[in-house]
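Peer 1: just to be clear, the model below is a prediction. Sequence and coordinates:
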Amino acid sequence: MKNQELAQIFYEIAEFLEMEGVAFKPYAYQKAAITLENLKEDVEEIYRTGGRKALEEIPGVGKSIAQKIEEYLKTGKIKYYQELKEKTPVKIDELTAIEGVGPKMVKVLYQKLGIKNLKDLEKAAKEHKIAPLFGFGEKTEKNILQGIAFLKRSKGRFLLGEILPIVKEIEEKLKELKEVKRVSVAGSVRRRKETIGDVDFLVTTDNPQKVMDFFVSLPGVIKVWGKGLTKSSIRMKEGFDVDLRVVPEECYGSALQYFTGSKEHNIATRKIAISKGLKLNEYGVFRNKKKIAGKTEEEVYEALGMAWMPPEIREDRGEVELSLKGKKYLPRLIELKDIKGDLHCHSKWDGGANSILEMAQAAIERGYQYLGISDHTKFLKIEHGLDERKLSLQRKEIEKINRDFEKSGVKFRILQGAETNILNDGSIDIKDEALKKLDYAIAGIHSSFKMSKEKMTERIIRAMKNPYIKIISHPTGRILKKRDEYQVDFEKILRAAKEFNVFLEINSYPERLDLNDINAKKAVEMGVKLVINTDSHHKDQLRYIEFGVYQARRGWVEKENVVNTWSLQRLLEYLKS
DNA sequence: GCCGTTTTCGGCCCGACTGTTTTCAGTCG
């Protein structure tokens, strides 16, 4: 789909325009980019069937942007964009990816020092050429270096959310090939890790030549290397690498186990093998020279006296010991089908893409029993946060839709929440009288991220003490590849969550996934209740729930730990109590 | 550049925080 490519271009145009100090246009381009990014329909298809007129029907797309989309679809280029790039030939997306660096800074850095990309910037900062610049200083230079260091730490890794859809496509294509007998993705993708270095596929086949030829000519491949009959590597246009390995049928299980990892899990399992006088490698389980298992993963684990376990927990965090004791000691991980509703979604009321009804219909399509609309509140002006009056107006709309559902026999209920803001002193930006009228309230940190650990912990705990606050959203505040967690004493937060009966969120947004696996596991061990939400700003984002569930599974979370696996009735009773 | 149950022109993108430039511009959510 061309949607993503166009979105990327419009984001960049917005930044170039912002760099030049153009007013309002950047916002318009950004809006259009966001819409395109989330659009389900293929923009090419829209254009083919309805022409430029149909493009203009897309929200945020008017005459000018429609014309540019048309130009891109016809020629693969946008002249306006090319001109902007020629005028200031900088890698603007690369530079503004650094925390604290925006378009204006990029402009000065280019004009004064000729900085065009990350490399130039790092060099200049290390040579202390930034600090003396007018408007910059020691601190800024240091922040830039730190920002670059952080970017590098996460560089070369991709979000699971970006990669998984493409991986599934590749897997489907391989499956369709009749020469392929068995195929599976392995590695960190199979373990559903939040970020991925590269992708590993395993196949069995009688015709490796054919399979490899097919593999290296998949659509989207921009580079091929090491092509052989047992292993070939490709790079996809999105920038990540994929390895394909052909393994013998009788080794498929052990190869899958080996290449799924994690490395730590494999080390632990090999130790078990040694302790039993066995040897484990990617070709099988061996007693002396005799192979005793290898065809399936189950039989490999069985040969080691272990129960098979889901890939998500293979991190050597205790799963090896439990699986030795037996299957019933392993956690029964939550599954996608257990989810009965979503309690953190945004609507048009706070600038989200869809109306409450549209969001509800999308939830019904997913088979949910309920959906919680929790728009931002007034402190977040940019997000069109709702004040007490608007919350009460919104309540009326929700009640009306619920009545209509009831009349037409639709077994579904919209709940009214709100994603309130925890102010610096831990108070909430909405009055208690208004919170009281909601079905529940969420509280989250959206400002002042750089507090001391003590202050931040105090701040969140004070919010949890508010009897109307039932959920803490994205509890650690991290943004993958962008921003670290804020400083907080998580143990204390867990104790408070338990004491005040507050649910901690696992935010399913691919760049958040917050709580992460480790924190989720701690929460489960402490008996803290969790809720897996999507934080959807668009109805199509409800599908992100998948990623929240994966993260939960990585954190050993079971169905019973998660309140939105409960029926509507049970949830309502609990909220009331 | 987009949009319209206040408007086809005139709004929209606000407020906190940071660092630096001593009075505020740039960045972020």
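Peer 2: Yep, that arrived.
Peer 1: tell me what the worst-scoring helix or strand of chain A on mean pLDDT is packed against?
Peer 2: Least confident element among the helices and strands of chain A, by mean pLDDT, DSSP states H and E: strand A:221-225 (a mean of 82). Counting by 3 or more Cβ pairs under 8 Å, 6 or more residues apart in numbering; DSSP states H and E, the packing neighbours recorded for strand A:221-225 are strand A:231-236. Every residue, glycine included, has its C-beta placed from N, CA and C.
Peer 1: and the strand it packs on, which residues are buried?
Peer 2: Judged by neighbour count using 16 or more other Cβ atoms under 10 Å, the buried positions of strand A:231-236 are A:S232, A:S233, A:I234, A:R235, A:M236.
Peer 1: likewise for stretch A:480-494?
Peer 2: A:L480, A:K481, A:E485, A:Y486, A:Q487, A:V488, A:D489, A:F490, A:I493, A:L494.
Peer 1: list of residues touching it?
Peer 2: By Cβ atoms under 8 Å, 6 or more residues apart in numbering, the surrounding residues in contact with stretch A:480-494 are A:97, A:99, A:150-151, A:154, A:157, A:159, A:194-195, A:445, A:449-454, A:456-457, A:460-461, A:464, A:472, A:475-478, A:504, A:510-514, A:519, A:522-523, A:526, A:528.
Peer 1: next one, pLDDT for the residue of the stretch 201-350 of chain A found nearest DNA strand B please.
Peer 2: Closest approach between the stretch 201-350 of chain A and DNA strand B, counting by Cβ to the nearest atom of the strand: A:K348, at 10.7 Å. The model reports A:K348 with a pLDDT of 88.
Peer 1: is it true that it touches A:H384?
Peer 2: No: the criterion here is Cβ atoms under 8 Å, and A:K348 misses it with A:H384 at 9.2 Å.
Peer 1: what about A:E406, how many neighbours?
Peer 2: 12 (other Cβ atoms under 10 Å).
Peer 1: now it: which helix or strand?
Peer 2: For A:E406, the host element (DSSP states H and E) is helix A:388-407.
Peer 1: tell me how far that helix lies from the chain's centre.
Peer 2: 31 Å (Cα atoms, centre = their mean, to the nearest Å).
Peer 1: then that helix to PDB, C-alphas only?
Peer 2: Taking Å, rounded to 0.1, in the frame of the first residue of the first chain, the C-alpha atoms of helix A:388-407 are listed here in PDB:
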ATOM      1  CA  GLU A 388     -16.300  18.900  33.400                       C
ATOM      2  CA  ARG A 389     -19.000  20.400  31.300                       C
ATOM      3  CA  LYS A 390     -18.000  18.500  28.200                       C
ATOM      4  CA  LEU A 391     -17.700  15.300  30.100                       C
ATOM      5  CA  SER A 392     -21.300  15.600  31.200                       C
ATOM      6  CA  LEU A 393     -22.400  16.400  27.600                       C
ATOM      7  CA  GLN A 394     -20.500  13.400  26.500                       C
ATOM      8  CA  ARG A 395     -22.200  11.300  29.100                       C
ATOM      9  CA  LYS A 396     -25.600  12.200  27.500                       C
ATOM     10  CA  GLU A 397     -24.400  11.000  24.100                       C
ATOM     11  CA  ILE A 398     -23.100   7.700  25.500                       C
ATOM     12  CA  GLU A 399     -26.300   7.100  27.400                       C
ATOM     13  CA  LYS A 400     -28.300   7.700  24.200                       C
ATOM     14  CA  ILE A 401     -26.200   5.200  22.200                       C
ATOM     15  CA  ASN A 402     -26.500   2.700  25.000                       C
ATOM     16  CA  ARG A 403     -30.300   3.100  25.000                       C
ATOM     17  CA  ASP A 404     -30.400   2.600  21.300                       C
ATOM     18  CA  PHE A 405     -28.300  -0.500  21.600                       C
ATOM     19  CA  GLU A 406     -30.700  -1.900  24.200                       C
ATOM     20  CA  LYS A 407     -33.800  -1.100  22.100                       C
END
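Peer 1: please enumerate the helices of the stretch 401-550 of chain A.
Peer 2: A:432-436, A:453-465, A:490-499, A:517-526, A:545-554 (DSSP state H, counting those that start in this stretch).
Peer 1: can you give me the helices in the stretch 51-200 of chain A?
Peer 2: A:63-75, A:79-87, A:92-96, A:103-113, A:118-126, A:138-153, A:160-176, A:187-190.
Peer 1: so for chain A, the centremost residue is which one?
Peer 2: A:P510 (0.5 Å; Cα atoms, centre = their mean).
Peer 1: residues of the stretch 351-500 of chain A that sit close to DNA strand B?
Peer 2: The stretch 351-500 of chain A comes close to DNA strand B at residues A:L380, A:K381, A:I382, A:H384, A:N424, A:H446, A:S447, A:S448, A:K450, A:I479, A:K482, A:R483, as judged by Cβ under 7 Å from any atom of the strand.
Peer 1: go again with 10 Å.
Peer 2: A:351, A:376, A:378-385, A:421, A:423-425, A:444-451, A:474, A:477-479, A:482-483 (Cβ under 10 Å from any atom of the strand).
Peer 1: perfect, I'm done here.
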